[in-house]
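Chemist: Sharing a model prediction with you, sequence too.
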Amino acid sequence: MINGVPVGFFSNSKGLRQGDPLSPYLFVLGIEVLSNLIRRAVDGGFLSGCRIWGREEEEMIVSHLLFADDTIIFCEASKEQLSALSWILAWFEAASGLRINLDKSVLIPVGEVEDIEEMAVELGCKVGLLPTVYLGLPLGAHHKAVSIWDGVEERMRKRLA
C-alpha cells in the first residue's frame with residue numbers, strides 16, 4: 001500500500017548499495033563484534049597481543065588495530081594462538097554474516113619464526129615480510145621512524161631549555 005492504494009508486488013533484497021551513508025555505521029557495529037572477540041581472547045590468555053610501554057613505564061597490551069575496513073591482529077607466532085585466531089574469525093563470520101577474505105590476508109612474522117609457511121596454510125593466508133607497505137606508509141622500517149622522532153625530541157628539548 002502506498003498512500004492507501006494497493007500497488008502490487010515489489011522485490012526486496014538484503015544489504016546496502018555501494019556508497020550508502022548508513023554503510024560505515026553498520027560496519028562499525030559489525031566490527032565491534034570482532035573487536036570484542038579478540039579482546040576476550042586476550043583476557044582469557046588465548047592470544048597474547050603485543051606488549052608496549054608508555055610513559056612512566058606503564059605497560060599496555062595492543063591486540064589489534066582497526067582502520068577503515070582493515071584489521072591488524074597481533075599475536076604470538078604459535079600454532080595454538082593461530083588456531084585460536086582461526087576460531088575467532090570463524091565465530092565472527094557466523095555471528096556477523098560477514099566473510100573475511102583470507103586471500104587478501106597476510107601473516108607477517110617478526111624475527112625468526114619456525115614453520116611460518118605451515119601456520120599460514122593452517123590459517124588460510126599468505127606469508128608477508130617486514131618492512132611492508134600499508135596504505136603507502138612503510139611499516140617495520142624501524143630505523144627511519146626512530147630518526148624522525150629523535151629529531152622531534154631534540155627540537156623539543158631545545159625549546160624547553
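Modeler: Yep, that arrived. Please read these numbers as outputs of a predicted model, since none were measured by experiment. Residues are numbered from 1 along each chain as shown.

Chemist: So what does the residue nearest to Val110 when sequence neighbours are not counted have for phi and psi?
Modeler: Once flanking residues are discounted, Val110 sits nearest to Leu130: 6.6 Å by Cβ to Cβ, 6 or more residues apart in numbering. Every residue, glycine included, has its C-beta placed from N, CA and C. The phi/psi pair for Leu130 (degrees, to the nearest 10) reads phi -100, psi 150.

Chemist: Surely Leu130 is in contact with Ile108?
Modeler: Yes. Between Leu130 and Ile108 there is a contact at 6.0 Å, judged by Cβ atoms under 8 Å.

Chemist: So for these two, which residue has more residues nearby?
Modeler: Set Leu130 next to Ile108 and count neighbours by other Cβ atoms under 10 Å: Ile108 wins out with 18 against 13.

Chemist: roughly how far apart are the residue nearest to Val110 and Ser11?
Modeler: For Leu130, the distance to Ser11 equals 49 Å [Cβ to Cβ, to the nearest Å].

Chemist: What of Ile2?
Modeler: Ile2 is 15 Å from Ser11, by Cβ to Cβ.

Chemist: One more: Ser23?
Modeler: Ser23 is 21 Å from Ser11, by Cβ to Cβ.

Chemist: show me the contacts for the residue most central in space within the chain.
Modeler: The residue lying closest to the centre of the chain (Cα atoms, centre = their mean) is Thr71, at 1.8 Å. Thr71 sits next to Ile31, Leu34, His64, Leu65 when contact means Cβ atoms under 8 Å, 6 or more residues apart in numbering.

Chemist: wait, Ile52 sits on Glu59?
Modeler: Yes. Using Cβ under 8 Å, Ile52 is in contact with Glu59, at 7.5 Å.

Chemist: of the two, who's got more company?
Modeler: Taking other Cβ under 10 Å, Ile52 and Glu59 do not tie; Ile52 has more neighbours (11 against 8).

Chemist: Name the residues of the host helix or strand of that one that are buried.
Modeler: If you go by DSSP states H and E, Ile52 is part of strand 50-53. Buried residues in strand 50-53, counted by 16 or more other Cβ atoms under 10 Å: Cys50.

Chemist: Report the rounded mean pLDDT for it.
Modeler: On average, the pLDDT along strand 50-53 is 88.

Chemist: tell me how far the helix or strand just after that strand is from the chain's mean position?
Modeler: Sequence-wise, the next helix or strand downstream of strand 50-53 (DSSP H and E) is strand 59-62. Distance of strand 59-62 from its chain centroid, counting by Cα atoms, centre = their mean, to the nearest Å, is 16 Å.
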